[in-house]
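Peer 1: Sequence plus the predicted model coming up.
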Amino acid sequence: MLSHIFSAEFMQSETFSFVVIPVLIFFARITDVTLGTLRIIFVSRGNKNVAPILGFFEVLIWVIAISNIIQHLDNVFTYLAWAGGFATGNFIGMKIEERLAIGVNLVRIITKKEDNQLISELHNKGYGATIIDARGKDNDVHVIYTLVKRKEIQKLIDLIEAYNPNAFYVVEDVRYVSHDKISFGPASDSQSRNIFGWRKGK
């Protein structure tokens, strides 16, 4: 394939062996590791459609890259390019996933029982919330559960810190939810909610 792009003379040169090949391996490795990182994330979230497609291109690019490594076993720069591409691909894959903000988070908030302002504000903003009375170390508390899309999680955290900066909260990934029954975060008043924001009927 490379012979269609570069001349035979250039492919025999040191520049091709020690510069072009390592650079190509570096970027190929970035691509396949980025796809692999995203594939693992999609698998962990139960996405059965995207993960196989990413896996196909991940392996295809990997085979092309490793074949060039094998053809240049005496070139230390190919090994450095392979390792550098692997590290960079992991970083880029995680950054892309952060940008995509795929999935849903379960937020568990613990507040003092008498601190009801945050609860009122969650309801006013349309968050479906389940509130459980519990006993803490020193006093009674509320444990609040709510579901929110990952791309909206910062808005919820800002709301918590604005109305109850002393509240303790935990954010957890959710692999699967029944999308046809759940509303995530703010919604119209016409949507009647039950536990976790489930709407009553259709």
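Peer 2: That came through, no problem. This is a predicted model, so every value here is computed, not measured.

Peer 1: since we're on Ser120, how many residues are nearby?
Peer 2: Ser120: 10 surrounding residues under other Cβ atoms under 10 Å. C-betas here are computed from N, CA, C, even on glycine.

Peer 1: element containing it?
Peer 2: Remark: Ser120 resides in helix 117-124, with elements defined by DSSP states H and E.

Peer 1: Quick one: end-to-end length of stretch 98-107, please.
Peer 2: End-to-end distance for stretch 98-107: 18 Å, by Cα to Cα, to the nearest Å.

Peer 1: Spatially central, which residue of this structure would that be?
Peer 2: By Cα atoms, centre = their mean, the mean C-alpha position of the chain lies nearest to Glu97, the distance being 4.0 Å.

Peer 1: ok, back up a step: per-residue confidence averaged over the helix holding Ser120?
Peer 2: Per-residue pLDDT over helix 117-124 has a mean of 84.

Peer 1: got the contact list for that helix?
Peer 2: With contact meaning Cβ atoms under 8 Å, 6 or more residues apart in numbering, helix 117-124 is reached by Ile109, Thr111, Ala129, Ile131, His142, Ile144, Thr146, Leu159, Ile160, Tyr163, Asn164, Ala167.

Peer 1: Please put the alpha-carbon coordinates of the next helix-or-strand element following that helix into PDB.
Peer 2: Moving toward the C-terminus from helix 117-124, the next helix or strand (DSSP H and E) is strand 129-135. Extracted C-alpha coordinates of strand 129-135, given in PDB (Å, rounded to 0.1, in the frame of the first residue of the first chain):
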ATOM      1  CA  ALA A 129     -35.800  12.500  43.400                       C
ATOM      2  CA  THR A 130     -36.400   9.700  45.900                       C
ATOM      3  CA  ILE A 131     -35.900  10.800  49.500                       C
ATOM      4  CA  ILE A 132     -35.200   8.400  52.300                       C
ATOM      5  CA  ASP A 133     -35.000   9.200  56.000                       C
ATOM      6  CA  ALA A 134     -31.900   7.800  57.600                       C
ATOM      7  CA  ARG A 135     -29.800   8.100  60.700                       C
END
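
Peer 1: can you give me the strands for this protein?
Peer 2: Under the criterion DSSP state E, strands of the chain are mapped to 104-112, 129-135, 140-149, 168-174.

Peer 1: tell me the domain boundaries of the protein?
Peer 2: Split into domains by automatic domain parsing, the chain comes to 2-100, 104-197.

Peer 1: Lowest average pLDDT across those?
Peer 2: Across the domains of the chain, domain 104-197 has the smallest mean pLDDT, namely a mean of 77.
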